[in-house]
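Q: quick one, fold the following:
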Amino acid sequence: MLIGALRRRVAADGGFATILVKGDDISGVILVQALEKGRETGLFERVSNFTGGYALMRCGPDPDDGAQAMSAYVERRRRSDPDLWVIELDIPEAERFAAETIC
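A: Coordinates of the predicted model:
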């Protein structure tokens, strides 16, 4: 449900949202791969903020390390968590969009 809402919101504002890895519908961790005009700006994980809500935390390799480093990171995460979701957002301020929608 959260992923669907995020995809609709990004599309409504003229951006693109693509599910790269589909995880478990109920319990999967969500990683957001943020892009702006096709340029990678970071990878963020939805984590508990321990006050009953959620926040986005930067994770993974630096975007300047390239697509291969990002791919290797996601693959390692998938091996340890097969329920993992990865969604790519290509829109200005992708991190803000994700935080406002899924946190």
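
Q: give the rounded mean pLDDT of the longest strand along the chain.
A: The longest strand of the chain (DSSP state E) is strand 39-48. In this model, strand 39-48 has a mean pLDDT of 95.

Q: given that strand, what are its sheet partners and their directions?
A: Its sheet considered, strand 39-48 pairs with strand 30-36 (antiparallel), strand 54-59 (antiparallel) by DSSP bridges.

Q: how near is residue 28 to residue 77?
A: Note on residue 28: its distance to residue 77, by C-beta to C-beta, to the nearest Å, is 11 Å. All C-beta atoms are positioned from the backbone trio N, CA, C, and that covers glycine.

Q: got it, and residue 30?
A: In terms of C-beta to C-beta, residue 30 sits 11 Å off from residue 77.

Q: what about residue 98, how many residues nearby?
A: The number of residues packed near residue 98 is 25, by other C-beta atoms under 10 Å.

Q: surely it is in a helix?
A: Yes. Counting by DSSP: H, G, I helix; E, B strand; the rest coil, residue 98 falls inside a helix.

Q: OK, contacts around the residue lying closest to it once chain neighbours are set aside?
A: Distance criterion C-beta to C-beta, 6 or more residues apart in numbering; nearest residue to residue 98, sequence neighbours excluded, is residue 32 at 4.5 Å. Contacts for residue 32 (C-beta atoms under 8 Å, 6 or more residues apart in numbering) come out as 43, 44, 45, 46, 56, 87, 88, 89, 94, 95, 98, 102.
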